[in-house]
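Peer 1: Sequence below, structure please.
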Amino acid sequence: MSAQTQQKIVAETNAALEKALHHVQDLLRAVRTGRASTALVENIRVDYYGSPTPINQLASLSVPEPRQIVIKPFDASVLAEISKAILKSELGITPQSDGKMLRLQMPPLSGEQRLKYAAKVKEMCEEGRVAMRNVRRDANKQADAESKGGGLTEDEHKKTLERVQDALKEFEKKLDVVQAAKVKEITEV
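Peer 2: Residues are numbered from 1 along each chain as shown. Model prediction:
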């Protein structure tokens with residue numbers, strides 16, 4: 001029974017760490033780099049008949065050129081609302097409309113902007129590390145409780161704590177790779 005308890009704790013820890021990593025990766029997709037990406041606009045909320053709706057549910061998004069995003073609404077009547085939502089967002093880009101679709105021309109990032117976005121990426125990744133450490137803390141508490149309750153022997157308890165720590169180190173390394181790749185993407189001209 002105790003080997004199953006140990007495996008369950010480690011499996012739950014790995015799943016929670018994986019979830020934390022994916023959350024950070026999703027957040028990083030929306031950070032602007034020198035290139036256009038539909039991820040920059042897909043979650044911007046548009047007032048659509050009184051309901052805040054993500055752009056990706058109202059329009060098709062594409063990147064025909066490295067520095068351009070094209071937004072083609074399924075319903076042309078919502079074009080003005082999409083344009084307003086983009087102007088209100090933190091993108092800092094003015095959409096150009098031809099009456100049927102919007103074009104977002106991505107200006108190149110200045111050196112100062114690149115540093116600012118790189119710092120934002122590091123901050124987001126640090127928050128991810130904190131979340132991962134909280135997962136470890138919770139797993140360790142669970143292992144402690146199982147050990148006190150007789151579900152784990154002392155050796156199994158120690159081994160569980162080691163496996164949880166190893167899992168944390170593995171996911172922190174993955175997060176370091178993700179962070180380095182995103183910072184490189186932002187800082188390359």
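
Peer 1: When you work out contacts or count neighbours from here on, use the C-alpha atoms and nothing else.
Peer 2: OK.

Peer 1: any idea what the residue of the chain most remote from its centre is structurally, helix, strand or coil?
Peer 2: Most distant from the centre of the chain: residue 150, at 39.2 Å, with distances by C-alpha atoms, centre = their mean. Classification of residue 150 by DSSP: H, G, I helix; E, B strand; the rest coil places it in coil.

Peer 1: Distance-wise, check it relative to residue 182.
Peer 2: Counting by C-alpha to C-alpha, to the nearest Å, the separation of residue 150 from residue 182 is 46 Å.

Peer 1: Low-confidence ranges, this structure, go.
Peer 2: Applying pLDDT under 70 to the chain flags residues 1-2, 189.

Peer 1: quick revisit: what about the residue farthest from the centre of the chain? Give its phi and psi, please.
Peer 2: phi 90, psi 0 (degrees, to the nearest 10).

Peer 1: Okay, it and residue 9: tell me how far apart.
Peer 2: The spacing between residue 150 and residue 9, counted by C-alpha to C-alpha, is 15 Å.

Peer 1: Ok, residue 89 next?
Peer 2: Noted for residue 89: a distance of 41 Å to residue 9, by C-alpha to C-alpha.

Peer 1: cool, residue 159 as well?
Peer 2: As for residue 159, its distance to residue 9 is 11 Å (criterion: C-alpha to C-alpha).
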